[in-house]
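Q: After the sequence you'll find the predicted model.
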Amino acid sequence: MNGDTVIEISNVWKIFGANSDAALSAVRDDGLSKAEVLDRWNAVVGVADVRMSVNRGEIYCIMGL
């Protein structure tokens with residue numbers, strides 16, 4: 001492996017629910033926790049502000065909903 005970055009992502013969010021856009025805004029603006037998002041917006045934070053890079057030759061498996 002030579003360390004060349006071939007994929008880079010940052011600031012990735014995924015919120016599940018009918019009000020996901022409003023919930024994301026509330027998380028960013030008001031700093032709500034996952035529990036508060038569920039209580040207030042009936043939405044689930046599945047991915048929260050993920051950042052990662054994949055270098056040439058590396059293999060990743062991302063699993064979830």
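A: Alright, I've got the coordinates.
Q: I'd like the distance from the helix ranked longest in the chain to the chain centre, please.
A: Scanning the chain for the helix with the most residues, using DSSP state H, yields helix 20-30. A distance of 13 Å separates the centroid of the chain from that of helix 20-30, by CA atoms, centre = their mean, to the nearest Å.
Q: what's in contact with it?
A: 13, 15, 17, 32, 37, 40-41, 43, 45, 48 (CB atoms under 8 Å, 6 or more residues apart in numbering). Every residue, glycine included, has its C-beta placed from N, CA and C.
Q: ok, now with 6 Å
A: With contacts defined as CB atoms under 6 Å, 6 or more residues apart in numbering, helix 20-30 is touched by 13, 15, 32, 37, 41, 43.
Q: Helices along this structure, start to end?
A: Going by DSSP H, the chain shows helices at 20-30, 34-41.
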